[in-house]
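Colleague: let's see this in three dimensions:
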Amino acid sequence: MKLYTKSYNPDWGRIVNMVVEKSDKLSDTIKDKTVFKMIVHEKGEIELSEGGKSFKIKEPSLIMISDRNLPDFKNIRKGADTILYFMPSVIRDEFTLESLHAGKYEDAFGTTVYQDLFLIRYFFKTKELENRIIPLSMVELNKIKGLLDSIDKELTEQHDGFWPCRSRSYLMELLFFIEFLCQTFEGNNNKLSEEDTILSLIIEYLNEHYNDNITLESITKKFSINRNKLNAIFLINTKKTCLNYLMDLRIDMAKIMLGNTEIPISEVSGRVGYSDPNYFTKIFKKQTGLTPSVYRKNSIKCR
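Modeller: Numbering: from 1, shown residues only. Okay, here's the model as predicted:
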């Protein structure tokens with residue numbers, strides 16, 4: 001199986017080291033040592049084992065596998081798996097497997113390089129298999145499947161010259177969401193108060209739906225909470241109001257897309273929940289001090 005996608009149009013001459021596979025069982029390809037693997041196990045039953053520990057996985061789960069942490073596996077019952085194979089260099093050209101494992105960019109704290117590195121840290125920094133298997137709710141599963149379908153569509157249809165950047169932008173969006181899931185998974189062992197539980201549910205909702213039309217009224221109605229209590233909980237725990245938290249979330253995602261792809265700014269705007277590109281530009285400049293186009297130019301200079 002080819003673990004890259006080549007442009008159909010010879011004039012483009014592009015190769016993207018990323019491909020999506022859908023199957024009813026895992027194959028030996030997941031033990032390939034040249035790429036990272038993201039397995040979305042939707043149904044059926046598989047068994048993974050590594051370092052003397054075995055895990056039978058039945059429920060929907062996300063499994064992250066690097067080029068070095070390669071678990072043994074057994075297909076117990078056929079089901080449905082979607083697997084994304086990608087080289088970390090899809091994110092940044094500098095992110096070769098050798099440089100990542102050598103820790104070359106770990107001292108780049110505060111830079112866009114470090115921010116991009118942060119998005120893939122669970123693939124190559126987390127050694128224990130149990131911490132690379134993340135249970136998924138149906139909402140989380142559908143969010144991830146939707147992004148994988150978008151990647152697959154761009155890679156297979158290639159309907160315009162932006163397909164390499166657009167597929168890459170969906171990967172960045174997916175990694176951004178997975179980073180949130182991993183942090184949530186790590187914190188699930190702590191017993192939460194009622195207010196903490198409400199906060200956690202709302203933050204999860206915002207991370208899943210930041211590209212939708214969300215209002216304060218829609219949030220208070222969905223979670224049966226009045227706006228004063230909602231903002232009080234957010235201010236205590238995040239130092240932000242609920243809508244400010246959402247705005248920062250959207251701007252963070254926009255920064256990733258602007259700094260790592262060349263897709264049109266109007267498209268970035270819609271992808272992060274702003275239907276009006278002019279309003280998006282106004283908000284982005286207010287938050288960052290730069291227009292989206294200037295931010296993109298500055299990011300390219302730093303790459």
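
Colleague: for the closest residue to Lys31 other than its chain neighbours, give its distance to Asp28.
Modeller: Spatial nearest neighbour of Lys31, excluding adjacent residues (Cβ to Cβ, 6 or more residues apart in numbering): Leu70 at 4.8 Å. In this view, the C-beta of every residue, glycine as well, is placed from N, C-alpha and C. Distance, Leu70 to Asp28, using Cβ to Cβ, to the nearest Å: 10 Å.

Colleague: the more surrounded of the two?
Modeller: With neighbours defined as other Cβ atoms under 10 Å, Leu70 and Asp28 compare such that Leu70 has more, 14 against 8.

Colleague: the protein: helices as residue ranges?
Modeller: Along the chain, the stretches classed as helices by DSSP state H are 97-101, 112-119, 121-124, 138-157, 163-187, 194-209, 216-222, 227-238, 242-260, 265-271, 277-288, 292-302.

Colleague: give the buried residues for stretch 278-286.
Modeller: Across stretch 278-286, burial judged by 16 or more other Cβ atoms under 10 Å covers 280-281, 283-284.

Colleague: gap between that stretch and the chain center?
Modeller: Computed by Cα atoms, centre = their mean, to the nearest Å, the chain-centroid distance of stretch 278-286 equals 24 Å.

Colleague: so which residues make contact with that stretch?
Modeller: 247, 251, 254, 265, 268-269, 272, 274, 290-292, 295 (Cβ atoms under 8 Å, 6 or more residues apart in numbering).

Colleague: mind redoing it with 7 Å?
Modeller: Under the criterion Cβ atoms under 7 Å, 6 or more residues apart in numbering, residues 247, 251, 254, 269, 274, 291-292 lie in contact with stretch 278-286.

Colleague: and the two most separated of these?
Modeller: Maximum pairwise distance among those (Cβ to Cβ): 16.5 Å, between Met247 and Thr291.

Colleague: any stretches of the stretch 51-200 of the chain with poor pLDDT?
Modeller: 110, 187-192 (pLDDT under 70).

Colleague: if we use 80, what do you get?
Modeller: Within the stretch 51-200 of the chain, the ranges that satisfy pLDDT under 80 run 108-111, 185-195.

Colleague: domains for this protein, by residue range?
Modeller: 5-160, 194-302 (automatic domain parsing).

Colleague: now those in a markdown table, with distance to Leu175?
Modeller: Putting the domains of the chain into a markdown table (distance: least, Cβ to Cβ, whole Å) gives the following:
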| stretch | distance to Leu175 |
| --- | --- |
| domain 5-160 | 4 |
| domain 194-302 | 9 |
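
Colleague: give the buried subset of the contacts of stretch 278-286 as a PyMOL selection command.
Modeller: Buried residues among the contacts of stretch 278-286 (16+ other Cβ under 10 Å), as a PyMOL selection:
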select buried, resi 247+251+254+269+274+292
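
Colleague: from the contacts of stretch 278-286, which single one is nearest Asp81?
Modeller: Nearest to Asp81 out of those is Ala254 (Cβ to Cβ; 31.5 Å).
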